[in-house]
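# sequence first, then the predicted structure, then my questions.
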Amino acid sequence: MRVLGLSGSLRAASVHTALLHAAAQTAPDDVEMTIFGGLDNLPHFNPDLEDQKFDSVTAFRAALKDSAAVLIACPEYAHGLPGAFKNALDLVVGSGDLSGKPVLALHTSVRSIHAPAQLAEVLRTMDARVLDAVLIEVPRRAVGVDSVLEGPGVTEALEVMWRSLQAAENSGAPG
C-alpha cells in the first residue's frame, strides 16, 4: 500500500513532520510511505489561474493520485487550519485526487479541538473517506523522529494507526 504523508506545518523542526517520519519508520513491510515536502512551493489558490500549469501543483496532484491512502499531521493555528495547508487542499478540490481515498489525520495535542473538525469537513467535501482521527500525544519539545518515538505510548499508537489505515484501505468502506 502506498501512503502519502502530508504535514500541515512548514516549520523546519515541526513535531508534525517528525511524527510523519516516525510513522514512516514504523510502517509495516507492505506499506510504502512518502512524505510530500513541497507545500511551501505551492502558489496561492486563485480560481482565475486554474487553467495555468504550475509544476508544484502538478507534483502535488501526482503524489496524491499515486497514493492509496493519505496520512495527515496538522497543527492548529488560531483555532483553525494553517493557511498554507488549507491553500494546498484548495488547490486540489476540483482534481478528484482524494475522492474515495482513505485519509487519516494525526493530532499531537489534546488542545487541538477546532482544526480536526475543520480538516474533516474539508476532506469530506472533497469526497475523501475520512477515518477517525488519531490523537498521538507527542512531547512538546520533540524535534526529531527519535524524540517523537521516545514519547510514552507513541510507538503503540502508531501501530494501532497503521492497522486502522490498512483495514480501511483493504475494505474500501467508509471510515
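Cool, got the structure.

# alpha carbons only for contacts and neighbour counts from here, please
OK.

# where in the chain is pLDDT low?
For the chain, applying pLDDT under 70 flags the ranges 173-175.

# quick one: the helices in it?
Ranges of helices in the chain, per DSSP state H, are 15-25, 55-65, 83-91, 115-125, 145-149, 154-171.

# let me see the contact set for the residue nearest the centre of the chain.
When CA atoms, centre = their mean is applied to the chain, the residue found nearest the centroid is residue 72 (1.4 Å). By CA atoms under 8 Å, 6 or more residues apart in numbering, residue 72 lies in contact with 5, 6, 7, 8, 20, 103, 104, 105, 106.

# quick one: contacts for the fifth one?
Listed by CA under 8 Å, 6+ apart, the contact partners of residue 20 are 5, 6, 7, 35, 71, 72, 73.

# for residue 114, which non-adjacent residue is spatially closest?
In space, and not counting its chain neighbours, residue 114 is closest to residue 79: 5.3 Å by CA to CA, 6 or more residues apart in numbering.

# that neighbour and residue 73, how far apart?
16 Å (CA to CA, to the nearest Å).

# the two - which one has more neighbours?
Using other CA atoms under 10 Å, the more surrounded residue of residue 79 and residue 73 is residue 73, with 22 against 14.

# the more buried one: what's it in contact with?
Contact analysis of residue 73 by CA under 8 Å, 6+ apart lists 5, 6, 7, 8, 16, 17, 19, 20, 105, 106, 107, 108.

# check residue 64 too.
Residue 64 makes contact with 4, 70, 97, 98, according to CA under 8 Å, 6+ apart.

# so what does the third one have for phi and psi?
Residue 97 adopts backbone torsions of phi -70, psi -10, taken as degrees, to the nearest 10.

# renumber starting at 390 from here on
Happy to do that; since the first residue is 390 now, the last one works out to residue 486.

# ok, and the closest non-adjacent residue to it?
Closest to residue 486 by CA to CA, 6+ apart is residue 454, at 5.3 Å.

# what is the burial count for that neighbour?
17.

# where's it relative to residue 417, distance?
Taken as CA to CA, the span from residue 454 to residue 417 is 21 Å.
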